[in-house]
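Visitor: Quick one: sequence plus predicted model below, questions after.
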Amino acid sequence: MSTPFECDKLIRFHHCDPAGIVFYPQYFVLFNELVEDWFNQGLGVDFARFHVEQGLGVPMASIECRFLLPSKVGEMLRLSLSVNRIGRSSLELNVSGTFGDEPRVQATLTVVLAALKTMRSLPFPDDLRTRLERYLVPLPG
């Protein structure tokens, strides 16, 4: 059974609108930070080296998001990431954010492995695919 990657994110003043709640586009910034943290801490892949030295990136191809309850400045949001699907060069990720036992945000992200010079997709190398599979959620049934 796979375990999701989890990361706590403090909701800071800069994430919020004048009402003191997360301004919804800031969730996308937090999602991107989560993917970088997952590479560094979960997959054991130095994201900076991956990006700068290897010339590879994982840009978002699509995001489907549901905002369930507002998150407020000063709260510690627990973000959780699991892999729904691994394709040739793309991943479908499930992300959820909670504060305590309250769900705050849910998203499905599709990211693509791409060469930064050409902005063309690349197939996942076998070693990276093996690391990704550790976070793959088994299909029901």
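Guide: That came through fine.

Visitor: Which residue ranges of the protein form helices?
Guide: For the chain, the helices defined by DSSP state H occupy 25-37, 47-52, 126-133.

Visitor: Point out the most buried one among those.
Guide: Comparing the helices of the chain by mean neighbour count (mean count of other CB atoms under 10 Å), helix 25-37 ranks first with a mean of 17. For the C-beta atoms, the positions are set from N, CA and C on the backbone; glycine is no exception.

Visitor: From the rest of the structure, what touches that helix?
Guide: With contact meaning CB atoms under 8 Å, 6 or more residues apart in numbering, helix 25-37 is reached by 5, 7, 9, 14-16, 47, 58, 60, 63, 65, 67, 77, 79, 81, 93, 95, 97, 105, 107, 109, 111.

Visitor: 6 Å instead?
Guide: Helix 25-37 has contacts (CB atoms under 6 Å, 6 or more residues apart in numbering) with 7, 9, 15, 47, 79, 81, 95, 105.

Visitor: what does stretch 50-57 give?
Guide: Contacts for stretch 50-57 (CB under 6 Å, 6+ apart): 114, 116, 117.

Visitor: Just want the most central residue of this protein.
Guide: Central residue check for the chain by CA atoms, centre = their mean: the C-alpha nearest the mean position is that of residue 35, 3.6 Å away.

Visitor: what residue ranges in the protein score low on pLDDT?
Guide: For the chain, applying pLDDT under 70 flags the ranges 1, 139, 141.

Visitor: for it, what spans make up the strands?
Guide: Taking DSSP state E as the criterion, the chain contains strands spanning 5-10, 56-57, 60-67, 76-86, 90-99, 102-112, 114-115, 120-121.

Visitor: list the helices and strands the fifth one packs on?
Guide: Here strand 90-99 is seen to pack against strand 76-86, strand 102-112 when contacts are counted using 3 or more CB pairs under 6 Å, 6 or more residues apart in numbering; DSSP states H and E.

Visitor: So in terms of bridging, what pairs with the nearest residue to residue 6 once chain neighbours are set aside?
Guide: Counting by CB to CB, 6 or more residues apart in numbering, residue 6 lies nearest to residue 80, which is 5.0 Å off, once chain neighbours are set aside. Residues in a beta bridge with residue 80, per DSSP bridges, are residue 6, residue 96.
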